[in-house]
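*Asks:* Give the three-dimensional model of this entry:
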Amino acid sequence: MLTAVVLTVLWWPRTEVTYRSTAPSAIAYSDGSPHFLTLVHQHSLSGRESYRMVIGRSPGVSYGHWLDVDTALGAKGVESTTWTESGVRVRFPTGHEVFVPARSFLGGR
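*Replies:* Have a look, this model is predicted:
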């Protein structure tokens with residue numbers, strides 16, 4: 001029983017990357033760093049599921065500009081991302097789009 005409890009606590013909460021995009025090297029942001037967008041699926045011990053987009057200089061999911069994504073949208077995944085000097089546009093298979101201005105994720109935020 002103790003082993004089951006320990007394994008459950010170690011396994012939960014868990015985070016799964018469901019989509020990753022890297023800004024093309026041709027896009028030069030003012031902070032001079034490469035930038036990444038990640039869609040993360042989070043599972044809590046209570047069974048709650050959520051999705052979050054993380055955009056920033058770190059390819060990891062622990063630091064950057066975070067946006068919560070509706071669970072129904074996140075579950076369908078990302079159709080495409082378009083990086084421009086002014087920001088990044090994320091398109092979902094449902095037809096929804098989100099534009100995040102570059103000023104929101106520049107400078108390590």
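
*Asks:* Name the next helix or strand following the lowest-mean-pLDDT helix or strand in the chain along the chain.
*Replies:* Least confident helix or strand, the chain: helix 2-11 with a mean of 61, by mean pLDDT, DSSP states H and E. Where DSSP states H and E defines the elements, the next helix or strand beyond helix 2-11 is strand 14-22.

*Asks:* need the helices for this structure, in chain order.
*Replies:* For the chain, the helices defined by DSSP state H occupy 2-11, 71-76, 102-105.

*Asks:* What are the buried residues along the last one?
*Replies:* So that's helix 102-105. 102, 104, 105 (16 or more other C-beta atoms under 10 Å). Where C-beta positions appear, they are placed from N, C-alpha and C, glycine not excepted.

*Asks:* so what pLDDT did the closest residue in space to the second one that isn't next to it in sequence get?
*Replies:* Read that as residue 104. If the residues on either side of it in the chain are set aside, residue 104 comes closest to residue 65, at 5.0 Å by C-beta to C-beta, 6 or more residues apart in numbering. The score at residue 65 is 92. That number is its pLDDT.

*Asks:* wait, what's in contact with residue 65?
*Replies:* With contact set as C-beta atoms under 8 Å, 6 or more residues apart in numbering, residue 65 has these partners: 54, 55, 56, 100, 104, 105, 109.

*Asks:* Switch those residues over to TSV; also include distance to residue 35.
*Replies:* What follows is those, written out as TSV (distance: C-beta to C-beta, whole Å):
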residue	distance to residue 35
54	11
55	7
56	7
100	10
104	11
105	6
109	11
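
*Asks:* so residue 82 makes contact with residue 99?
*Replies:* No - between residue 82 and residue 99 there is no contact under C-beta atoms under 8 Å: 9.2 Å.

*Asks:* Now the common contact residues for those two.
*Replies:* 88, 89.

*Asks:* Pull the number of nearby residues for the residue nearest to residue 39 when sequence neighbours are not counted.
*Replies:* Sequence neighbours aside, residue 19 is the residue nearest to residue 39 in space, at 3.9 Å (criterion: C-beta to C-beta, 6+ apart). When neighbours are defined as other C-beta atoms under 10 Å, residue 19 has 17 of them.
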